[in-house]
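> Structure of the sequence below:
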Amino acid sequence: MPGMPRHPAASAGFTLVELAIVLVIVALLTGGLLLGVTAQRSAAEVVDARNRLEAVREALVGFALVRGRLPCPAAPAVATGNVAAGRENCALEHGVLPWVDLGLPEVDPWGQRYTYYASNAFTGAVPAGALASFTMATNGNANIKETASSGANIASDLPAVVVSHGSRSFGGWRSDGTQVPGASGDELENANANLTFVSRTTGDTFDDLLTWIPPSILKAKMVAAGRLP
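Alright, predicted model coming up:
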């Protein structure tokens, strides 16, 4: 009625319940935005990693076209700053990418070095009078499977394989020369220095990314460059 005082609750603004509801809504919206930003960043890192792996493969082939052989791996347990870090060590078949010799970045988007396998049949010194260290009959011995337990191979007789160990980084080599622990299952297959590697769709338990050089493609490029008959 006119002239009667208004009840205090009617002019008190937000009640505690209303304020709590507003805070919950803000938290949900903020969380959703953060998840969206995180997902976009993760997707961008994967695209960047794939592009870098493509550049790595081109650099390996380019090295072979110039030198007549693939580069040897670098020793993985050598810390950045050491004169041998990122340099070829031709006593090895398993190691990390020799980023110094190739003029490439040391690490992938997640800060780990690239695991690198190269068959010594393709990294040996070029014999006197020859243009390449290998011939058309030479094959590598690394294989790619869809899972560690698969019977069939996705690719076989590979001279070189490169692994980025993904955002989880399990099995990758840090710049201080230590290996990230925790690799298991299919990720362990890419970190245990044998001749079997795994490449499949990434998920919660596997996020490695790989590239490799099929012998037929390498030899075709070597023929085109006059390095093989």
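
> Which stretches in the protein count as strands?
In order along the chain, the chain carries the following strands (DSSP state E): 94-96, 115-118, 142-145, 155-158, 160-164, 196-198, 209-213.

> The fourth one pairs with which strands?
Based on DSSP bridges, the pairing partners of strand 155-158 within the sheet are strand 142-145 (antiparallel).

> Is it possible to get a markdown table of the strands of the chain that adds distance to P71, mean pLDDT and mean neighbour count?
Every C-beta, even on glycine, is put in place using the N, C-alpha and C of the backbone. As requested, the strands of the chain are arranged in a markdown table below (distance: least, C-beta to C-beta, whole Å; pLDDT from 0 to 100; neighbours: other C-beta atoms under 10 Å):
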| stretch | distance to P71 | mean pLDDT | mean neighbour count |
| --- | --- | --- | --- |
| strand 94-96 | 10 | 98 | 23 |
| strand 115-118 | 7 | 98 | 26 |
| strand 142-145 | 15 | 98 | 20 |
| strand 155-158 | 15 | 97 | 18 |
| strand 160-164 | 9 | 98 | 26 |
| strand 196-198 | 18 | 98 | 22 |
| strand 209-213 | 11 | 98 | 21 |
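
> closest one to G62 among the ones you listed?
G62 lies closest, by C-beta to C-beta, to one member of the strands of the chain: strand 209-213, at 11.5 Å.

> what's the closest one packed up against?
For strand 209-213, the helices and strands in contact under the criterion 3 or more C-beta pairs under 8 Å, 6 or more residues apart in numbering; DSSP states H and E are helix 16-67, strand 142-145, strand 155-158, strand 160-164, strand 196-198.

> Same list (the strands of the chain) but as a markdown table, adding distance to L23.
Compiled in a markdown table, these are given as follows (distance: least, C-beta to C-beta, whole Å):
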| stretch | distance to L23 |
| --- | --- |
| strand 94-96 | 49 |
| strand 115-118 | 47 |
| strand 142-145 | 51 |
| strand 155-158 | 54 |
| strand 160-164 | 41 |
| strand 196-198 | 46 |
| strand 209-213 | 41 |
